[in-house]
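Undergrad: sequence first, predicted model second:
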Amino acid sequence: MATKVIENERTAMAQHMTRQPDGPGKRIGKKGEISGIGKVAPGGAKLFRERLPQIQAEAAYWETRVGTVHDFRVTLIDDDTRILFTIVFDGDFKPYVADILNEAAPWLDQIFLGVWDGFKGTNDRKSVEELLSFAFECDLFFVRNPDVTVRDVAKMQRLSGAVAELFDAAT
Amino acid sequence: MADTTTLTTHVPTLEVSDIQATVLRPRPSPYLGQYVILRIDDAAQGREMLRRMIPHVAPADEWWVPSLAGWLGIAFTFEGLKALELPQASLDSFPIEFKQGMAARAAILHDVGGNAPANWEYPFGTTDAHIALAIYAQNEQDLQRVLELARRTHHDLAQISVVYRMPFGELPEGRNPFGFKDGLHNPQIEGSAPAAHGGSDAPIKAGEFVMGYPDQLGETAQAPIPAELRQNGTFVALRKFHMDVAAFRRYLREQASSSEEEELLAAKMVGRWRSGAPLVLAPDRDDPALGADAKGNNDFSYADDRKGLKCPFSAHVRRVNPRDALKDDIVDVDSHRFIRRGTNYGPPLPEGVLEDDGAERGGVFLLIGAHQRQQFEFVQSQWVADGNFISHGTEQDPLIGNNEGDGVFTIPKVPVRRRLHGLPRFVAVRGGEYCFMPGLRALRWLAGLGEDAEQTASH
Ligand code: HEM
């Protein structure tokens, strides 16, 4: 049984927690989270480590184009028998799944195909659905600046760069 | 030479004689009509009505043949299919959004505030809306004739009731109540002739709009079952909107210092001038000749307006159909297209009037596609009711977003952008339903349920 929160000066800063409108995943403001755990396919761990340098090197390219992902981790756990992913992203999750599968398929297949047991590739929608059915919501979630999206940050950086230039020019 | 022949054989010919006219053909102009919603309290009577109705349902090939007094489109809600006693396996095979119904999807659609189902008209969002009829005609006399035909399909069937009736008609010059020319753009559907309009955008695979053909991913729909039921059918997101024309005019008046500026702001919100001329092609002043040119007014992209200086990123048409504007992002724009069949209702608010006269006026949209989650639902929730995809934070569509007096609208400009504040709600949803619009053979299959449905439903 969950116990009641005892109000104090620290709980005064508690964040308003909501959920994804259409599936698992906690949400604070604009930011949401989701994770998943699967079994590693036979030989999958070796394959994953071989591919890792390339996947890692391309991560920024693919995720920048997705444009809504704050951070994404994939790791083998339990002596390479299981694989875990976790994502923190902006906005709704489900509506974008199909687009990301269509557009970032080569990269996602490098990560999961042959590694996540039972996964038949991004172009097998049934198998994608199965993989996503393993997705779950975390218990504890915190994000700083819940209303600031990845795109907002990029915009603010551009803006502050421009302002700095302006000040530099003026002095 | 050989190449072109192989290419054309790969384009499946649409069975236009089996697809409902509403799906493939634009409404007539001028148009007049009525939406009717029926409730079925007895499945056998429902099927009897359907049998009588089928001869009057227009297929896309006979669209507007002169002998036709008018044309009738028919679609079913999930509740309606249940009332017709569709076998359970078939009911279960429909997509989730259709089974849940539009009202239940409010959180996903961001239908809050003035758009919330709590504010909808009866019978929208209740279990009483079963069959939606869209009846179009060219004049009042023809309309009455088709309505009479429709009435006779159930006048002696006590368990069929009309729960909703809504007349609609074209406003002067084919404008919507806000004064914009409408019904201009629709996707080109591969294999469907004649082209609905001009324009340079590539055709979209027919399977995006009609089941039974390959879609953009090369897949052909496998559900709902059986195949007889889904072949040449599709889904319709029906939305009835109220438009607060006086509020729109007042807002423009407050923000602008001249009538020219009012027109410019109105165009910036929509992305087209009231004449239909797109801002990308006519950035500074209206070009009525372009607006009237059905080919020319769709022949544009956002390639040379990457900064939104001509058409703001947030403008209605740039949001709902970004064309090539998002080509650097991971978004499959072609999978978010749908066919739009809009009709307007209510009297025009007389020119110059800034106070609401209390009249009900607005539009009813039929947004048609085979994958509504990717189509209407995606566009509504991600592109209309949010602004993150264009780096605009929570800014919504200036015309149809959920603005409640706190809306903002960003107009890119050099040296500094202009940002309008305090946008009120101009448009409110009065009701909505997801409907299944079957092909003609499927209608006969539905009407014959009970005779042979049990064995075929197991496909
Ligand atoms: C009362 C509500 C609405 C009003 C007043 C409105 C108004 C307009 C106008 C004036 C145009 C330009 C002319 C045309 O092509 O027809 C347009 C285009 C369009 N609208 Fe809407 N609209 C409304 C609702 C919606 C909704 C709910 C959607 C979808 C979620 C939508 C999707 C589109 C699309 C896809 C286009 C074509 C864009 C293009 O030309 O590239 N509209 N709308």
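TA: Received the coordinates, thanks.
Undergrad: only C-alpha atoms from now on, for both contacts and neighbour counts.
TA: Fine.
Undergrad: A:Phe93 contacts A:Gln20, doesn't it?
TA: Yes: counting by Cα atoms under 8 Å, A:Gln20 is a contact partner of A:Phe93 at 7.5 Å.
Undergrad: okay, residue 78: pLDDT?
TA: Reading this off chain A. On pLDDT, A:Asp78 comes in at 97.
Undergrad: can you look at chain B instead?
TA: 98.
Undergrad: quick one: contacts for the residue nearest to B:Leu238 when sequence neighbours are not counted?
TA: Spatial nearest neighbour of B:Leu238, chain neighbours left out: B:Leu366 (4.7 Å); criterion: Cα to Cα, 6 or more residues apart in numbering or on different chains. Each residue near B:Leu366 by Cα atoms under 8 Å, 6 or more residues apart in numbering or on different chains is listed here: B:Val236, B:Ala237, B:Leu238, B:Arg239, B:Ile339, B:Arg340, B:Arg341, B:Gly342.
Undergrad: report the beta-bridge partner residues of the fifth one.
TA: On DSSP bridges, the residues paired with B:Ile339 through beta bridges are B:Ile368.
Undergrad: how many residues are close by it?
TA: Look at B:Ile339: counted by other Cα atoms under 10 Å in any protein chain shown, it has 25 neighbours.
Undergrad: and the contacts of B:Leu366, which is closest to chain A?
TA: The shortest approach to chain A among the contacts of B:Leu366 belongs to B:Ala237, at 16.7 Å (Cα to the nearest Cα).
Undergrad: what's the helix or strand for that closest one?
TA: Using DSSP states H and E, B:Ala237 falls within strand B:234-243.
Undergrad: so which elements touch that strand?
TA: If contacts are counted by 3 or more Cα pairs under 8 Å, 6 or more residues apart in numbering or on different chains; DSSP states H and E, strand B:234-243 sits against strand B:362-369, strand B:427-437.
Undergrad: partners of it, with directions?
TA: strand B:362-369 (antiparallel), strand B:427-437 (antiparallel).
Undergrad: centre of the chain to stretch A:7-21, how far?
TA: Its chain's average C-alpha position is 22 Å from that of stretch A:7-21, according to Cα atoms, centre = their mean, to the nearest Å.
Undergrad: which parts of it are buried?
TA: A:Arg19, A:Gln20, A:Pro21 (16 or more other Cα atoms under 10 Å in any protein chain shown).
Undergrad: likewise for stretch B:313-325?
TA: B:Phe313, B:Ser314, B:Ala315, B:His316, B:Val317, B:Arg318, B:Arg319, B:Val320, B:Asn321, B:Pro322, B:Arg323, B:Ala325.
Undergrad: can you name the next helix or strand after the helix or strand hosting A:Val97?
TA: Here A:Val97 sits within helix A:94-103, counting by DSSP H and E. Using DSSP H and E, the helix or strand that follows helix A:94-103 in sequence is helix A:105-112.
Undergrad: what's the mean pLDDT across that following helix?
TA: 95.
Undergrad: wondering if it reaches chain B at all.
TA: No: with Cα under 8 Å from any Cα of the partner chain as the criterion, chain B is not reached by helix A:105-112; the gap is at least 10.7 Å.
Undergrad: so for B:Phe98, which of the helices and strands packed on strand B:234-243 sits nearest?
TA: Nearest to B:Phe98 among the helices and strands packed on strand B:234-243 is strand B:427-437 (5.6 Å), distances taken as Cα to Cα.
Undergrad: and whichever helix or strand comes after that closest one, what does it pack onto?
TA: Going down the chain from strand B:427-437, the next helix or strand is helix B:440-447, by DSSP H and E. With contacts taken as 3+ Cα pairs under 8 Å, 6+ apart, helix B:440-447 sits against helix B:43-53, helix B:227-230.
Undergrad: pull the contacting residues for the closest residue to B:Leu24 other than its chain neighbours.
TA: Distances taken as Cα to Cα, 6+ apart put B:Ala60 closest to B:Leu24, at 6.2 Å, once the chain neighbours are dropped. Counting by Cα under 8 Å, 6+ apart, B:Ala60 touches B:Val16, B:Ser17, B:Asp18, B:Ile19, B:Gln20, B:Ala21, B:Thr22, B:Val23, B:Leu24, B:Arg25.
Undergrad: going by distance to chain A, which of those wins?
TA: Distance to chain A across these (Cα to the nearest Cα) is lowest for B:Val23, with 24.5 Å.
Undergrad: in the stretch 151-300 of chain B, which residue sits nearest chain A?
TA: B:Leu217 (8.5 Å).
Undergrad: burial measure for A:Thr81, as a count.
TA: When counting by other Cα under 10 Å, one arrives at 16 neighbours for A:Thr81.
Undergrad: so what's the nearest residue to it once chain neighbours are set aside bridging to?
TA: Leaving aside its sequence neighbours, A:Thr81 sits nearest to A:Val40 (Cα to Cα, 6+ apart; 5.2 Å). Taking DSSP bridges as the rule, A:Val40 bridges to A:Trp116.
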